[in-house]
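# I'll drop the sequence and a predicted model, then ask my questions.
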Amino acid sequence: MSEKKPRLRSALEGIPTYKPGRPAASGPAAYKLSSNENPYPPLPGVLETLTASAGAANRYPDMACTGLMEAIADRFGVPVEHVATGTGSVGVAQQLLQCTAGPGDEVIYAWRSFEAYPIITQISGAASVQVPLTDGEEHDLDAMAGAVTDRTRLIFVCNPNNPTGVAIPGDALERFLDRVPDDVLVVLDEAYREFVRDEGVVDGLDLYRDRPNVCVLRTFSKAYGLAGLRVGFAVAHEPVAAALRKTAVPFGVSQLAQDAAVASLRSENELLERVESLVAERARVSRELVAQGWTVPESHANFVWLRLGDRTSAFAAACEQSGVMIRPFPGEGVRVSVGETEANEIFLQTAAAFRKSEF
Ligand SMILES: Cc1ncc(COP(=O)(O)O)c(C=O)c1O
């Protein structure tokens with residue numbers, strides 16, 4: 001065999017690999033709280049739709065996602081030309097980078113934030129400019145605005161932020177957007193928007209309307225419970241939305257995903273009741289953690305964050321032993337998804353025992 005290997009782009013060297021949340025260990029009391037998934041399976045009506053679509057799996061999907069685009073436009077009150085769908089919102093985020101950034105360019109985001117940002121930025125060839133969160137786990141919007149240079153092409157604003165759950169107050173976000181030059185795309189990643197209950201946290205769709213450089217990312221993976229089907233979308237003005245359609249992987253969103261997403265929008269009320277119960281569980285989990293003595297930043301998403309520093313790995317190991325998988329960021333903290341009540345309960349008991357033994 002030849003010694004020569006295909007030449008790959010040097011931009012790929014050293015890319016951190018995306019760490020998916022670890023699956024639950026086997027056994028009756030094994031729960032996965034490591035990927036911010038929705039613990040509820042699809043609604044019966046959505047399952048029926050999936051079964052019907054599966055029967056046509058020999059056909060390519062509707063490449064333009066016509067029905068889904070119209071359903072999204074209708075639901076959110078935006079022109080259909082402003083909607084672009086993709087393989088999960090992370091797929092759409094990657095397309096946004098393809099549309100805007102390359103070698104020599106810069107992409108700004110807070111850190112720590114969604115761990116796909118550094119990966120997809122590096123793949124684009126652009127440089128990441130990571131702006132540390134404040135001591136209060138908030139986006140440092142002043143520092144982010146101050147980090148803009150004439151090389152900046154895109155800014156990710158994760159609201160609420162993964163993995164801390166902290167949300168940005170609407171007035172602060174608006175002041176930030178006012179400071180960003182019009183030719184820099186600001187991506188408001190709102191993967192967890194449906195879990196926000198604080199009226200002071202502005203809906204990105206209200207901000208994008210007057211701002212051609214603002215794009216909103218949403219997903220069917222979290223509140224709508226379709227993570228396994230890979231479908232998300234962006235709402236953006238032209239020419240951003242049009243550029244997204246140009247960079248879409250042809251036939252990337254399966255017909256199953258398109259049909260299930262449309263069916264989920266139709267059954268939205270029932271799905272949002274489930275979200276409501278997760279929000280109630282989030283409040284209970286947060287309250288009990290505080291009562292145990294932990295510092296818990298107020299979460300506006302379907303997970304909570306504990307900054308544990310060098311106790312992080314030991315805490316994750318204790319949870320694993322009790323039958324719940326959580327997401328450790330070694331040396332920093334753990335992110336724990338709000339799941340089934342039983343899972344949350346095991347987590348809370350483990351947290352209490354850990355606090356007693358380690359603090
Ligand atoms: C902030 C944020 N954005 C985007 C995503 C990607 O979601 P998906 O690609 O499933 O739509 C996630 C998933 O965890 C996330 O946390």
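Arrived safely.
# for residue 163, the count of nearby residues, please.
Neighbourhood size, residue 163 [other C-beta atoms under 10 Å]: 25. Just so you know, the C-beta spots here come from the backbone N, C-alpha and C atoms, and that holds for glycine as well.
# spit out the contact partners of whichever residue of the chain sits closest to the ligand.
Distances between the chain and the ligand by C-beta to the nearest ligand atom are smallest at residue 88, namely 2.5 Å. Contact analysis of residue 88 by C-beta atoms under 8 Å, 6 or more residues apart in numbering lists 219, 221, 227, 230-232.
# the ligand contacts on the stretch 51-200 of the chain?
Residues of the stretch 51-200 of the chain lying near the ligand by C-beta under 6 Å from any ligand atom: 88-90, 114, 158, 162, 189, 191.
# quick one, domains of the chain?
Following the TED database, one gets these domains for the chain: 19-42+268-357, 45-266.
# please enumerate the helices of this structure.
Using DSSP state H, the helices of the chain run over residues 44-54, 66-76, 88-100, 116-124, 141-146, 170-179, 204-208, 240-247, 255-266, 268-292, 312-322, 341-358.
# which of those helices is buried the deepest?
Across the helices of the chain, averaging neighbours per residue (mean count of other C-beta atoms under 10 Å) puts helix 88-100 on top, at a mean of 23.
# okay, the residues of the stretch 51-200 of the chain next to the ligand in TSV with pLDDT next?
Converted to TSV, these look like this (pLDDT from 0 to 100):
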residue	pLDDT
88	98
89	98
90	98
114	98
158	98
162	98
189	98
191	98
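# those: which two are farthest apart?
Farthest pair in those (C-beta to C-beta) is 88 and 158. Separation: 15.0 Å.
# looks like residue 265 contacts residue 69 (just checking).
No - counting by C-beta atoms under 8 Å, residue 265 stays clear of residue 69, with 11.5 Å between them.
# related to what we said a few turns ago, so which of the helices of the chain is nearest residue 18?
helix 116-124 (5.7 Å).
# give the rounded mean pLDDT of the closest one.
For helix 116-124, mean pLDDT rounds to 97.
# follow-up on the earlier one: out of the contacts of residue 88, which are close to the ligand?
Near the ligand, by the rule C-beta under 6 Å from any ligand atom, you find 219, 221, 227, 232 out of these.
# tell me, how many residues neighbour the third one?
Right, the one you point to is residue 227. Neighbour count of residue 227, defined by other C-beta under 10 Å: 16.
# ok, the closest residue to it other than its chain neighbours - contacts?
Nearest in space to residue 227, with sequence neighbours left out and distances taken as C-beta to C-beta, 6 or more residues apart in numbering, is residue 221 at 3.9 Å. By C-beta under 8 Å, 6+ apart, the contact set of residue 221 is 37-38, 88-89, 191, 227, 230-232.
# how close does residue 124 sit to residue 8?
Applying C-beta to C-beta, to the nearest Å, the value for residue 124 to residue 8 is 15 Å.
# meant to ask about residue 117
Noted for residue 117: a distance of 22 Å to residue 8, by C-beta to C-beta.
# what does residue 39 give?
Taking C-beta to C-beta as the measure, residue 39 falls 39 Å from residue 8.
# neighbour count for those two, which is higher?
residue 39 (21 against 8).
# from what I can see the more buried one touches residue 343, true?
Yes - taking C-beta under 8 Å as the definition, residue 39 is a contact partner of residue 343 at 7.3 Å.
# do you know the pLDDT at residue 129?
Residue 129 is assigned a predicted lDDT (pLDDT) of 98.
# you'd agree it is up against residue 110?
No - with contact defined as C-beta under 8 Å, residue 129 does not count as touching residue 110 (10.4 Å).
# can you list the helices of the chain in a markdown table and add distance to residue 1?
Below are the helices of the chain laid out as a markdown table (distance: least, C-beta to C-beta, whole Å):
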| stretch | distance to residue 1 |
| --- | --- |
| helix 44-54 | 42 |
| helix 66-76 | 46 |
| helix 88-100 | 33 |
| helix 116-124 | 28 |
| helix 141-146 | 49 |
| helix 170-179 | 54 |
| helix 204-208 | 52 |
| helix 240-247 | 36 |
| helix 255-266 | 40 |
| helix 268-292 | 53 |
| helix 312-322 | 41 |
| helix 341-358 | 49 |
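# among the ones you listed, which comes closest to residue 23?
helix 312-322 (11.3 Å).
# what angle sits between that closest one and helix 341-358?
Put simply, helix 312-322 runs at 130 degrees to helix 341-358, going by axes from the mean of the first three to the mean of the last three C-alpha atoms, to 10 degrees.
# show me what contacts residue 40?
If a contact means C-beta under 8 Å, 6+ apart, then residue 40 has 225, 274 as its contacts.
# pLDDT on stretch 202-222, on average?
The average pLDDT within stretch 202-222 is 98.
# identify the spatial nearest neighbour of the most centrally placed residue in the chain, chain neighbours not counted.
By C-alpha atoms, centre = their mean, the chain has its centre lying nearest to residue 191, at 4.2 Å. In space, and not counting its chain neighbours, residue 191 is closest to residue 219: 4.9 Å by C-beta to C-beta, 6+ apart.
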